[in-house]
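[1] Fold the following, please.
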Amino acid sequence: MKKNIAIIMGGYSSEYAISLKSGNVVYQYLDKEKFQAYRIHIAREKWVYIDDQGQEYPVNKHDFTIAPEGSTIQFDCVFNAIHGSPGEDGFMQAYFELLRIPQTSCDHYQAALTFNKRDLLSVLKPYGIKCADSYYLNKGEEIDAEAIIAKVGLPCFVKANRAGSSFGVSKVFKLEELNDAIETAYKEDDEVLIESFLDGIEVSVGVIRYQGKTKVLPITEIVSENDFFDYEAKYEGKSQEITPARISKVQEEKVGKVAKQVYEILKMKGYSRSEFIFVGDEPFMLEMNTTPGLTEESILPQQAGVAGISLAELFESAIIDALA
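    Numbers count the residues shown, from 1 in each chain. A predicted model of the protein is given here:
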């Protein structure tokens, strides 16, 4: 008997449209012989099931069921394709945990922790995970530009602490640019992370559960035409994503080991994609994404393809792991 799978997509953040693309790719490639898939759009104003004709049916939030033709459909598993809030910050994970419905991403604590860049890096530092020098700001606090630059130097990166897809990120070259960059970050979040610039090769490392084991996927090198891997570089073709990365064997082994170590330290499940910059041969961690992009062009699916894992196999594996 086919399992009923709810593919949740959309969300409450600037990543809404990107998430819809990911969710629709999952819907397209999920094996229809094994799974009965349903596209569920999650938005602030409504949660709805959308059928193949575009007809909308409300989701019962009390038990996460739908009744498109009068008969109630319950879900065996939820495939989480929401980037940003509430799919990547722990809210949906906690909701499904309360309802005892298996879901494909990590648990609610890990989602909340990894979505908060400042907290994630603070937790990992005692384990010897290297990261950039940083300065924290909360909205309403006094901005001491000279103290910030004394701590992190120039150039530096100003980031919204809890946002994805490079929304709210600026590279600052001059002291006078700092205030505007902080205001840009505050448009996405009321917490800001300011980090020193690390000059080196940037790579993205996918770590997943596949066939019951933790697997490090082939590493991707990020070469941006812009000053950094910003929204244009990620989604508008202003970058090269080279898999496997053009790095030494030593670098490959080190960053793969660190990415797997982080995955296991945090007791992760499902997919993760972590970003690193090499300073010499040493990988410095920037962040971890727990619901990474899943379109054909996205980094994690590219890495899976190089590893010989098709999109259908990648998506099915996440569901089987969640059900287990």
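[2] Can you show me the strands along the stretch 51-200 of the chain?
    All strands of the stretch 51-200 of the chain, identified by DSSP state E, counting those that start in this stretch, fall at 56-58, 77-80, 134-138, 156-160, 169-172, 191-196.
[3] highest average neighbour count across those strands?
    Burial of the strands of the stretch 51-200 of the chain is given as mean neighbour count (mean count of other C-beta atoms under 10 Å); strand 77-80 ranks first at a mean of 27. Where C-beta positions appear, they are placed from N, C-alpha and C, glycine not excepted.
[4] How far off centre is it?
    Computed by C-alpha atoms, centre = their mean, to the nearest Å, the chain-centroid distance of strand 77-80 equals 15 Å.
[5] got it, and stretch 261-278?
    11 Å.
[6] now swap in stretch 181-195 and tell me
    18 Å.
[7] per-residue confidence averaged over that stretch?
    The average pLDDT for stretch 181-195 rounds to 94.
[8] ok, residues contacting that stretch?
    14, 116-118, 131-139, 143, 148, 152, 156-163, 167-170, 172, 286 (C-beta atoms under 8 Å, 6 or more residues apart in numbering).
[9] next SSE after the helix or strand where Lys21 lies?
    Assigned by DSSP states H and E, Lys21 falls within helix 16-29. Reading on from helix 16-29 to the C-terminus, the next helix or strand found by DSSP H and E is strand 35-42.
[10] quick one, that next one and helix 16-29 angle?
    170 degrees (axes from the mean of the first three to the mean of the last three C-alpha atoms, to 10 degrees).
[11] Measure how buried the nearest residue to Pro102 once chain neighbours are set aside is and give me the count.
    The shortest distance from Pro102 to any non-neighbouring residue, by C-beta to C-beta, 6 or more residues apart in numbering, is to Ala322 (4.3 Å). When neighbours are counted by other C-beta atoms under 10 Å, Ala322 registers 22.
[12] On the pLDDT front, check Ala322 for me.
    For Ala322, pLDDT reads 97.
[13] Buried residues of the helix or strand encompassing it, list them for me.
    Element membership for Ala322 (DSSP H and E) is helix 311-323. Neighbour counts over helix 311-323 (16 or more other C-beta atoms under 10 Å) mark Leu311, Glu313, Leu314, Phe315, Glu316, Ser317, Ala318, Ile319, Ile320, Asp321, Ala322 as buried.
[14] Just the pLDDT at the second one, thanks.
    Glu313 carries a pLDDT value of 97.
[15] For the closest residue to it other than its chain neighbours, list the residues it contacts.
    The shortest distance from Glu313 to any non-neighbouring residue, by C-beta to C-beta, 6+ apart, is to Ala304 (7.8 Å). By C-beta under 8 Å, 6+ apart, the residues touching Ala304 are Gly206, Ile208, Leu217, Ser310, Leu311, Glu313, Leu314.
[16] Could you list the low-confidence segments of the stretch 201-324 of the chain?
    226-238 (pLDDT under 70).
[17] Helices of this structure, residue ranges please.
    16-29, 91-99, 108-115, 117-124, 145-152, 178-186, 231-235, 249-265, 299-306, 311-323 (DSSP state H).
[18] Export the strands of the stretch 51-200 of the chain to CSV and append columns for distance to Gly87.
    Below are the strands of the stretch 51-200 of the chain laid out as CSV (distance: least, C-beta to C-beta, whole Å):
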stretch, distance to Gly87
strand 56-58, 19
strand 77-80, 5
strand 134-138, 24
strand 156-160, 17
strand 169-172, 20
strand 191-196, 19
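[19] roughly how far apart are the closest residue to Lys260 other than its chain neighbours and Glu241?
    Distances taken as C-beta to C-beta, 6+ apart put Val216 closest to Lys260, at 5.3 Å, once the chain neighbours are dropped. Distance, Val216 to Glu241, by C-beta to C-beta, to the nearest Å: 17 Å.
[20] What of Glu195?
    In terms of C-beta to C-beta, Glu195 sits 22 Å off from Glu241.
[21] repeat for Gly70
    47 Å.
[22] For the two, work out which one has more neighbours and name it.
    It is Glu241, of Gly70 and Glu241, that has more neighbours when counted by other C-beta under 10 Å, with 19 against 5.
[23] May I have the beta-bridge partners of the nearest residue to Thr114 once chain neighbours are set aside?
    The shortest distance from Thr114 to any non-neighbouring residue, by C-beta to C-beta, 6+ apart, is to Met288 (4.6 Å). Met288 has these beta-bridge partners by DSSP bridges: Ser274.
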